[in-house]
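[1] Pasted the sequence and its predicted model underneath.
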Amino acid sequence: MELADLMRPIRAFSHVLGAGKDELFDPDERSRQIQLTASIGAVVGLPFALHNLLVSGLIGVGLTELLAVFLLIFPALLLARRRMALDLAEAMVLLAAVAIFGVLIVYRGVQGTGLFWGFLFPFVAFFLKGQRRGWRYSAGYIVLVAMHFFVLRRYLSFAYEYSTSFGVHYLEVLCGFTAVAAGFNLLRTRFEEKLQKRVTERTTEAKTYMEQLQYQATHDVPTGLPNRVELVKRLRLEIEQAASQGHGIAVCNLQVLHLHELGNVLGLAGADKFVLSIAEHLNATVQHRATLARTQRDEFVVIYHLDQLTLEPEALQKYIEQRRLSVEVQGYNLRVDFTFGVSVCPQHASDADVLLRQAEQAMLQARKSELPWVLYDPAQELAFQRHHLLFGRMCEALDRHQFELYLQPQIDLATGKLIGAEALTRWTDMIEGSISPMVFIPIAEESGLIGPLTDWLVQRCLEECSKWRSEGLLLHLSINISALTLLSPGLVEKFHTSITAFQVPAELINLEITESCFIASPERSLAVMWQLRSLGFKLSIDDFGTGFSSLSYLKSMPIHELKIDQAFVRNLLSEAGDQAIVASTISLAHNLGLKVVAEGIEDEATAYWLAKQQCDIGQGYWFARPMPADAFMALAIRGRQTTEQLHALEQTP
Ligand code: C2E
Ligand code: CA
Ligand code: CA
C-alpha cells in the first residue's frame, strides 16, 4: 500500500472534521462572536457565582466564578467591543470557561450537577476558534480533565473523589459532546461558506452589470467609440489641457453622407459593418493626435489637437483630403463621403457644449451649401438663430391666421385692361412688423412649412376667385408654387379637390413655377406638370432668364406663359443688353406659342416699350402695388364699370 493510498481516508476524515477549512471569520465576525460568548458567560456566570457563594455554600466555586467573570470575561468583552487584541480576548474567554467548568468538575457542584457544565467547553472552543483550532483546544481540555480525574485529584484535598470507572465514563461522554460540537460547528461553517459564496457571486454579477451599464451609457455599442456623453467629458479635459499647454483644438463634426440610402441597400447589419469600418479607419488615421467619438447614427466627432491656437483653412483642407476613404462591405467597394463642420478652441469658444454646437452648425451649413466642409462663422450663427426664431413665429402665425393674401394686378399691355392678379403672401409679425416673403419663404421651404402655407394660400385664392365669379368678374389668378411643393406627394389630388369644392374652373388658375424645379428632379417635375395641365391648370415659368440656361426644355413642357424676370425689366430703357434679351425672349415665347409677362414695370416708358415689343401682360408698381384682396376686387369692379361706360359711349350714335 502506498503512502498516498494511506493518506486518502485520513484526508477524507480530516475533511469531515473540518481540518483545512478556510478561516471565514474576519475581525468583525470574531469580535461579534467574542461579545456573544462573553455576554452569555457573564449573564449565566454571575447569578450562579452569587448563588454558590451565598446559598449553596460552595465558596471555592463561587469565588472562582466571580473572579473569572470580573478578571477575564468583562475585560474580554471590552477588548472585543473595541476590536482590539482579539486573540487575547478569545484566550481570556476560553480561560474563563476552563476555570469555571474546571472548578465545577473539581467540586462536582450541587449534587453533581456541576459536571454537566463541563460538556459545554468544546462548543465554546469550536465557536470561538473555528473548526481546526477548536479540535486542538477541545483535545487540550479533555487531557486536562483526564489529568484531574486520574492524577491531580489525589493531590487536592478539597477535590471531590471520583471512582476511576466514573472518570472513564465522563471522558467518553465528553469526547461524544466534542464530536457533536464539531459537527454543529461544521454545519454552521458550511452554511456560512455557502452564504459567503453566493454573496460574492451576486456581488460580482452586480459589479459586471454595473460596469456594462456604465459602458453603454458612455459608449456607442457597435463601434465601441465614446458617445456624446463621454465626448463632452473628454472634450472638457482636452480644453483644460490645451489651455495649460498653449495649443488649440479643432472640433470636427463629420456626417457620413447617404448612410440611410446605403442602409437600405446593405441592410441594418451591413450598414453597421460599414460604420464600423469607417470608425476603424478614422481611428487609425487620427491615432493619438485626436479623440474620435460617434455622436449619432451617421455622425462622428473628431477632437483634433492643433499646434497653434487658430486653424488655417488650408491645413484643414489637407487634413480632410487625407481622410477620403473607401470601404469594402459585402463585396461592394463603397466610397465614403463626409461633410465636415469645424469649430476651434479658443478661436470660437472654450466651452465643450458650445464648441460641439458650433461644429454641428457649421456641418449643417456645409451640407446646405453642398460644400465638403465649413469653418464655423459667428455671423452665420446669427442667421441660424434668426432662422429658428422666425420658424417658431411662422408656426404660430399659421395657427393664428396671421398671413394675409395680397394681390398684384396684371394688365393686358395691348388694351390696358385688368386681366388678373398674382397672389403674394404678406406676414405682419406682432413684434417685428411686416416681414418680406424674400425672408420667410426660404425658411418655409427649408423647414417644410411651405406645405401648410401653400395649402392656406390656395384656399384663400379660390375663395377670392369664387367671389369674383359671383360678381361676374372673369379674372385669372397666378399662384407661386415652390419646387418642393410641386414635388410633394398628393399635390395634384389636393388641387383637384379644392377647385371642385370651390367650383372654380382650373383654367383661371395659373401656377408659377421657377426653373429651379427642373434642376433637382426634372422628370418628376415634368410628370406633375403634365398632370396639372390635364386638369386644366395653366402653368408659367417665373423669373425666366435667371436659372436654367438651356432653352431646349421649353418645348417639352406643358406651359402657356413665360414671366421675364424683373432684373431684365428694371433698367430696360437704359440697358441695350436687357432690351435685346427681353425682345428675343418675347419673340422666342411667341414662336413657341407662349404668352409673355413682364414684371417689375415701374414707369410708363417701360410699359410703352414692352407694349410696342408685343409683350402680352405687364405687372409692376407703375400699374399697382400688391394690395389686399378686398381692395383688388373693388378695383376690378370699378374697372369693369369704366369699361362698360366706355362701351356705352362707343355704342351711342
Ligand atoms: P415673385 O414671384 O417674383 O413676385 C414678384 C415680386 O416682385 C413681389 O415681391 C412683388 O411685390 C414684387 N414687385 C412687383 N412689382 C414690382 C415693381 O414694380 N418693382 C419692384 N421692385 N418689385 C415689384 P414680394 O411680394 O416681396 O415676393 C417676393 C418673392 O417671394 C416672390 O417673387 C415669390 O417668389 C415669393 N413669394 C411671395 N409670396 C409667395 C407665396 O405665397 N408662395 C411662394 N411659394 N412664394 C411666394
Ligand atoms: Ca411669381
Ligand atoms: Ca418673378
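    It's in. Ligands and ions are numbered 1, 2, ... in the order given.

[2] going forward, measure contacts between C-alpha atoms and count neighbours the same way
    Fine.

[3] Give me the neighbour count for the residue in the chain positioned nearest to ligand 3.
    Residue of the chain nearest ligand 3, by C-alpha to the ion: Asp543 (4.3 Å). For Asp543, the neighbour count with other C-alpha atoms under 10 Å is 20.

[4] Checking it next. Helix, strand or coil?
    When classified by DSSP: H, G, I helix; E, B strand; the rest coil, Asp543 comes out as strand.

[5] so what's it closest to, chain neighbours aside?
    For Asp543, ignoring the flanking residues on the chain, the nearest one in space by C-alpha to C-alpha, 6 or more residues apart in numbering is Asp565 at 4.1 Å.

[6] ok, the one you found touching Thr546?
    Yes. Under the criterion of C-alpha atoms under 8 Å, Asp565 makes contact with Thr546 at 7.0 Å.

[7] what number of residues lie near Tyr215?
    Neighbours of Tyr215 using other C-alpha under 10 Å come to 16.

[8] what about it, distance to ligand 1?
    In this structure, Tyr215 and ligand 1 are 49 Å apart, going by C-alpha to the nearest ligand atom, to the nearest Å.

[9] Kindly report the same for His258.
    Distance of His258 to ligand 1, given as C-alpha to the nearest ligand atom: 28 Å.

[10] And the closest residue to that residue other than its chain neighbours, how far from Val256?
    Excluding its sequence neighbours, the residue lying closest to His258 (C-alpha to C-alpha, 6+ apart) is Asp337, at 8.0 Å. Counting by C-alpha to C-alpha, to the nearest Å, the gap from Asp337 to Val256 is 6 Å.

[11] Equivalent analysis for Asp87, please.
    For Asp87, the distance to Val256 - C-alpha to C-alpha - is 69 Å.

[12] swap in Ala352?
    Ala352 is 22 Å from Val256, by C-alpha to C-alpha.

[13] which residues are contacting stretch 477-497?
    With C-alpha atoms under 8 Å, 6 or more residues apart in numbering as the contact definition, stretch 477-497 has outside contacts at 420-424, 445, 450-451, 454, 458, 461, 465, 508-514, 516-517, 524-525, 528, 531-532, 535.

[14] Export only the CA atoms of that stretch, formatted as PDB.
    C-alpha atoms of stretch 477-497 as PDB (Å, rounded to 0.1, in the frame of the first residue of the first chain):
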ATOM      1  CA  LEU A 477     -55.100  84.300 -60.700                       C
ATOM      2  CA  SER A 478     -51.400  83.400 -60.600                       C
ATOM      3  CA  ILE A 479     -50.100  81.400 -57.600                       C
ATOM      4  CA  ASN A 480     -46.400  80.900 -56.800                       C
ATOM      5  CA  ILE A 481     -45.600  77.200 -56.300                       C
ATOM      6  CA  SER A 482     -42.100  76.400 -54.900                       C
ATOM      7  CA  ALA A 483     -40.100  73.500 -56.200                       C
ATOM      8  CA  LEU A 484     -40.600  71.500 -53.100                       C
ATOM      9  CA  THR A 485     -44.400  72.000 -53.200                       C
ATOM     10  CA  LEU A 486     -44.500  70.900 -56.800                       C
ATOM     11  CA  LEU A 487     -42.900  67.600 -55.900                       C
ATOM     12  CA  SER A 488     -44.900  67.000 -52.700                       C
ATOM     13  CA  PRO A 489     -47.000  63.800 -52.800                       C
ATOM     14  CA  GLY A 490     -50.700  64.200 -53.300                       C
ATOM     15  CA  LEU A 491     -50.400  67.800 -54.700                       C
ATOM     16  CA  VAL A 492     -52.400  67.100 -57.900                       C
ATOM     17  CA  GLU A 493     -55.200  65.400 -56.000                       C
ATOM     18  CA  LYS A 494     -55.300  68.200 -53.400                       C
ATOM     19  CA  PHE A 495     -55.600  70.900 -56.100                       C
ATOM     20  CA  HIS A 496     -58.300  68.900 -57.900                       C
ATOM     21  CA  THR A 497     -60.400  68.500 -54.700                       C
END
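
[15] what does the average pLDDT come to for that stretch?
    The average pLDDT within stretch 477-497 is 93.

[16] and that stretch, how far from the chain's centre?
    37 Å (C-alpha atoms, centre = their mean, to the nearest Å).

[17] Flag every buried residue along it.
    Within stretch 477-497, the residues that count as buried by 16 or more other C-alpha atoms under 10 Å are 477-487, 491-492, 495.

[18] Among these, name the ones in helices.
    Among these, the ones falling in helices (DSSP state H) are 483-486, 491-492, 495.

[19] higher neighbour count, Ala352 and Val256?
    Neighbour comparison, Ala352 and Val256: the larger count goes to Ala352, with 20 against 17 (by other C-alpha under 10 Å).

[20] how near is the more buried one to Ala624?
    For Ala352, the distance to Ala624 - C-alpha to C-alpha - is 55 Å.

[21] just to revisit the earlier point, tell me the backbone dihedrals of the residue nearest to Asp543, please.
    Backbone torsions of Asp565, given as degrees, to the nearest 10, read phi -70, psi 150.

[22] That one: neighbour count?
    Neighbours of Asp565 (other C-alpha under 10 Å): 19.

[23] which residues does it contact?
    542-546, 598-600.

[24] which of those residues lies closest to Arg367?
    Thr546 (23.8 Å; C-alpha to C-alpha).
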